[in-house]
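Undergrad: Give me a 3D structure for the following:
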Amino acid sequence: MNDIKINTQDGITKFMTTIENRIDDDFAKKINSICTFEIGIPDKPEVWTLDCTKSSNRLYKGSPETTPVCTIVIRHISDCIAIIQGEINPTVAFMQGKIKIKGDISTALKMQSILSK
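TA: Below you'll find the predicted structure:
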């Protein structure tokens, strides 16, 4: 089904690496803010930060020092993998409750290009 292992730390890392590889300078200029990803169970999600105000090292594991403009919440790694592999559109995933957005939804919508295959 998916060519990336699911339900493992390795799966989350590969998801975030795929996201990182899709970020270019034009995308960073368009976002020009700090966003976070929360992946996993609600009481202990893994948090990754995407800082598009920087020119390098934009994606890192952990919370930012300042409040993010938006947070993309995905509870199941299998949903993460389906999204980045193009098996499900991020907008459809949002409508189905597989993705939740905290904060500025317009910024989250701009991030669709790094989530989609």
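Undergrad: Which helix or strand contains Ala28?
TA: Under the criterion of DSSP states H and E, Ala28 resides in helix 25-31.
Undergrad: tell me which strands and helices that helix is in contact with?
TA: The helices and strands touching helix 25-31, judged by 3 or more Cβ pairs under 8 Å, 6 or more residues apart in numbering; DSSP states H and E, are helix 105-110. No exception for glycine: its C-beta is placed from N, CA and C like everyone else's.
Undergrad: Just the CA atoms of the helix it packs on, as CSV, please.
TA: These are the backbone C-alpha positions of helix 105-110, laid out as CSV (Å, rounded to 0.1, in the frame of the first residue of the first chain):
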residue,chain,number,x,y,z
ILE,A,105,-6.2,28.9,7.7
SER,A,106,-5.1,31.1,4.8
THR,A,107,-1.5,30.3,5.6
ALA,A,108,-2.3,26.6,6.0
LEU,A,109,-3.9,26.6,2.5
LYS,A,110,-0.7,28.0,1.1
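Undergrad: Give me the next element, helix or strand, following that helix.
TA: Sequence-wise, the next helix or strand beyond helix 105-110 is helix 112-115, with elements assigned using DSSP H and E.
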